[in-house]
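*Asks:* coords please:
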Amino acid sequence: MAPGPTCTLSVDRQGVATIVLTNPPVNALHPDVLSALQNLLEECHSRTDVKAVVITGSGKNFCAGFDIAQFAAQSPEKVKESVSGASQILTRVLEEGAKPTVAAIQGVA
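*Replies:* Residues are numbered from 1 along each chain as shown. Got it, this is the predicted structure:
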């Protein structure tokens, strides 16, 4: 059985952390991916062995955006609240993070 939507982290000897978004086929931002991404970014920014962070997608695609299938049963107000909240959290972690963070984009972005 394939693992569910998530992110993984690896850190090389030079201190470059790579976070990989995994939610095939287009690595859409499922709530589990968003949660894992936030946690891993916070971990990277607090680790002394990490000098920089790269975010990329698994397979041939970077990320197609929010996983709209997760919003199908929600009201428009709830969708707006969810998207806004996730965006604010990620923006805060990226902008206030102690380490430079870049995206390695391929395929769908």
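*Asks:* hey, let's count contacts and neighbours off CA atoms from now on
*Replies:* Noted.
*Asks:* what's the following helix or strand after the lengthiest helix in the chain?
*Replies:* Assignment by DSSP state H gives helix 76-96 as the longest helix of the chain. Sequence order places strand 101-104 as the next helix or strand after helix 76-96, per DSSP states H and E.
*Asks:* report the helix or strand with the lowest average pLDDT across the protein.
*Replies:* helix 76-96 (a mean of 82; mean pLDDT, DSSP states H and E).
*Asks:* contact partners of that helix?
*Replies:* The contact list for helix 76-96 (Cα atoms under 8 Å, 6 or more residues apart in numbering) reads 34, 38, 41-42, 66, 71, 101.
*Asks:* list the buried ones in that helix?
*Replies:* Of the residues in helix 76-96, 79, 86, 90, 93-94 count as buried by neighbour count, 16 or more other Cα atoms under 10 Å.
*Asks:* and of those, the nearest to residue 24?
*Replies:* Nearest to residue 24 among those: residue 86, at 20.1 Å, using Cα to Cα.
*Asks:* residue 35 versus residue 75, what's the distance?
*Replies:* 21 Å (Cα to Cα, to the nearest Å).
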